[in-house]
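Q: Please find the sequence and the predicted model below.
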Amino acid sequence: MSNEPSDSKGFETRAIHSGRDFVGDTGTVTPPVWLTSTFEYGNPNGFDYTRSGNPNFRLLDRTIASLEGAEHATSFGSGVSAITAIVSTLKSGDVVLAEENIYGCTFRLFAQVFAKFGVEVRYVDFTDPSSLEGIEGHAPTLVWIESPTNPNLKIIDIAAVADAAHAAGAALVVDNTFASSYLQRPIELGADLSLISLTKYTNGHSDALVGSVCTNSDEWQEKMIFAQKALGLQPSPMDCWLTLRGAKTEAIRMERHCSNALAFATFLEDETDVVTVRYPFLASHPQHELAKRQMAGGSGIVTVDFGRSLEDTMKVVENLTLFPKAESLGGIESLVCHPASMTHAAVPKETREAVGITDSLVRFSIGIETVEDLIIDVRQALSA
Ligand SMILES: *Cc1c(COP(=O)(O)O)cnc(C)c1O
């Protein structure tokens with residue numbers, strides 16, 4: 001089957017039909033899981049050993065590249081493996097200029113692993129326009145941002161940062177996990193690398209870990225393939241299979257995540273006494289106009305400051321019945337996270353509060369349930 005969907009086909013069509021041309025003459029509609037560690041030499045597809053490639057990786061890579069609007073994608077064992085692959089291309093003395101509200105595990109990897117190898121990371125606030133003018137002064141090899149950020153949901157102007165990074169001779173890495181390929185495509189906005197924890201919205205069912213790095217650059221792609229096999233960062237064929245199945249429904253899931261999250265955020269803002277509600281598609285969001293320009297929807301995360309004591313905030317969280325308290329996000333089921341005691345517990349209180357992570361801040365990952373039920377649940381938890 002060689003009738004690959006062309007790039008002019010829609011997102012949903014490409015999600016469902018991409019990349020099957022080499023699957024063979026069995027007539028299978030759904031691909032199998034290729035549970036093999038090794039391949040016989042001389043096979044027409046060039047597979048040799050699963051650490052450096054497997055048909056399930058290839059199927060997923062082709063689909064993710066197509067959905068991200070990129071030439072290439074490489075799958076890794078997790079989002080953190082994908083981050084490791086990118087950082088492993090640096091050498092001692094290289095500088096990374098990163099957004100200060102970066103994902104916690106990225107921060108830890110830089111601070112506790114790569115710092116030992118002489119890679120220096122400097123943090124700035126990329127919503128501040130003077131940060132862009134300042135890039136050149138740091139002479140960074142990489143500029144590293146996410147948008148929306150975790151958990152504050154800051155929106156960063158990807159096209160503007162790409163221009164400024166390139167003018168300073170740096171490559172731009174965008175962590176696209178919180179937005180998803182359906183809502184935002186960093187490569188099309190000028191990023192050199194788009195990194196995604198497919199564990200989240202792409203898989204969407206909280207049952208596998210996979211990460212991906214997308215790029216239009218052949219040189220970067222070679223480095224990613226090398227990192228996958230040389231560092232042993234490959235995913236499992238089964239996790240790729242599950243994630244590809246998830247990707248086929250990404251579009252319709254994201255539509256529901258967005259509409260549910262907007263309704264949930266609007267309810268909290270208009271009808272409760274919470275102090276702040278952060279959601280990129282609420283008019284009250286400080287970068288609302290940019291969010292609407294850069295993203296096709298607000299995604300599924302809503303961050304709320306209850307303005308209550310730590311104890312009372314924990315009571316609200318414990319009173320919820322439809323939101324298991326858990327890390328992670330992007331699954332069909334709603335989850336609640338209290339960053340100060342969970343994802344950011346290792347960060348000292350003063351440092352946490354300096355970047356806006358107060359004791360009363362709560363992050364909701366809004367799933368695709370009936371939104372009225374989610375609203376009824378949070379209403380009873382607030383008044384209990
Ligand atoms: C979860 C996450 C990662 C890491 O992905 P894993 O698949 O959990 O390793 C990286 N970046 C962001 C923004 C994430 O939310």
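A: Done, it's in.
Q: mind listing the helices in this structure by residue range?
A: With DSSP state H, the ranges of helices along the chain come out as 11-17, 55-68, 79-87, 104-112, 129-133, 135-138, 158-167, 218-230, 237-247, 250-271, 288-294, 310-319, 349-354, 371-383.
Q: Tabulate these (CSV), appending mean pLDDT and mean neighbour count.
A: For the C-beta atoms, the positions are set from N, CA and C on the backbone; glycine is no exception. Below are the helices of the chain laid out as CSV (pLDDT from 0 to 100; neighbours: other Cβ atoms under 10 Å):
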stretch, mean pLDDT, mean neighbour count
helix 11-17, 95, 18
helix 55-68, 97, 25
helix 79-87, 98, 23
helix 104-112, 92, 16
helix 129-133, 95, 14
helix 135-138, 97, 16
helix 158-167, 98, 19
helix 218-230, 98, 17
helix 237-247, 98, 23
helix 250-271, 98, 20
helix 288-294, 98, 17
helix 310-319, 95, 16
helix 349-354, 84, 12
helix 371-383, 97, 16
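Q: And for residue 32, the neighbour number?
A: 13 (other Cβ atoms under 10 Å).
Q: Check what pLDDT it gets.
A: pLDDT for residue 32: 93.
Q: any idea how far it lies from residue 167?
A: Per Cβ to Cβ, to the nearest Å, residue 32 is found 48 Å from residue 167.
Q: which ones are touching residue 312?
A: 306, 360 (Cβ atoms under 8 Å, 6 or more residues apart in numbering).
Q: mind checking how far it is from the ligand?
A: Distance of residue 312 to the ligand, given as Cβ to the nearest ligand atom, to the nearest Å: 27 Å.
Q: about what we covered before: could I get the helices of the chain in TSV, plus columns for distance to residue 206?
A: Listed next are the helices of the chain as TSV, based on distance: least, Cβ to Cβ, whole Å:
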stretch	distance to residue 206
helix 11-17	19
helix 55-68	17
helix 79-87	14
helix 104-112	17
helix 129-133	35
helix 135-138	37
helix 158-167	27
helix 218-230	24
helix 237-247	10
helix 250-271	12
helix 288-294	26
helix 310-319	19
helix 349-354	26
helix 371-383	17
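Q: quick one, which of those is nearest to residue 184?
A: When the helices of the chain are compared by Cβ to Cβ, helix 288-294 sits nearest residue 184, at 6.2 Å.
Q: Give me the distance from that closest one to the chain's centre.
A: Using Cα atoms, centre = their mean, to the nearest Å, the mean C-alpha position of helix 288-294 is found 18 Å from that of the whole chain.
Q: Repeat that for stretch 94-109.
A: Here stretch 94-109 is found 14 Å from its chain centre; the criterion is Cα atoms, centre = their mean.
Q: which outside residues touch it?
A: Residues from elsewhere that reach stretch 94-109 (Cβ under 8 Å, 6+ apart): 79-80, 83-84, 87, 90, 110, 118-126, 135, 138-146, 149-150, 152, 154, 156, 170, 175, 177, 343-344, 346-347, 355-356.
Q: Quick one, which of these are buried?
A: In terms of neighbour count (16 or more other Cβ atoms under 10 Å), the buried residues within the contacts of stretch 94-109 are 79-80, 83-84, 87, 90, 110, 119-121, 123-124, 126, 135, 138, 140-146, 149-150, 152, 154, 156, 170, 175, 177, 343-344, 347, 355-356.
Q: confidence score at residue 4?
A: Value for residue 4, per-residue pLDDT: 60.
Q: Would you point out which residue of the stretch 201-350 of the chain is nearest the ligand?
A: Going by Cβ to the nearest ligand atom, the ligand is nearest to residue 209 of the stretch 201-350 of the chain, at 4.8 Å.
Q: next one: the stretch 1-150 of the chain
A: The stretch 1-150 of the chain approaches the ligand most closely through residue 79 (2.1 Å), counting by Cβ to the nearest ligand atom.
Q: buried stuff in stretch 88-98?
A: Those would be 88, 89, 90, 94, 95, 96, 97, 98, for stretch 88-98 by 16+ other Cβ under 10 Å.
Q: Between those, which sits nearest residue 270?
A: Taking Cβ to Cβ as the measure, residue 270 lies nearest residue 98 of the buried residues of stretch 88-98, at 35.5 Å.
Q: so residue 362 makes contact with residue 304?
A: Yes - when contacts are counted by Cβ atoms under 8 Å, residue 362 is listed as touching residue 304 (5.2 Å).
Q: For the nearest residue to residue 35 once chain neighbours are set aside, which residues are in contact?
A: Of all residues not flanking residue 35 in the chain, residue 237 sits nearest, at 6.1 Å (Cβ to Cβ, 6 or more residues apart in numbering). Going by Cβ under 8 Å, 6+ apart, residue 237 touches 33, 34, 35, 50, 54, 55, 56, 57.
Q: when you check the ligand, which of those turn up near it?
A: Counting by Cβ under 6 Å from any ligand atom, nothing from these sits close to the ligand.
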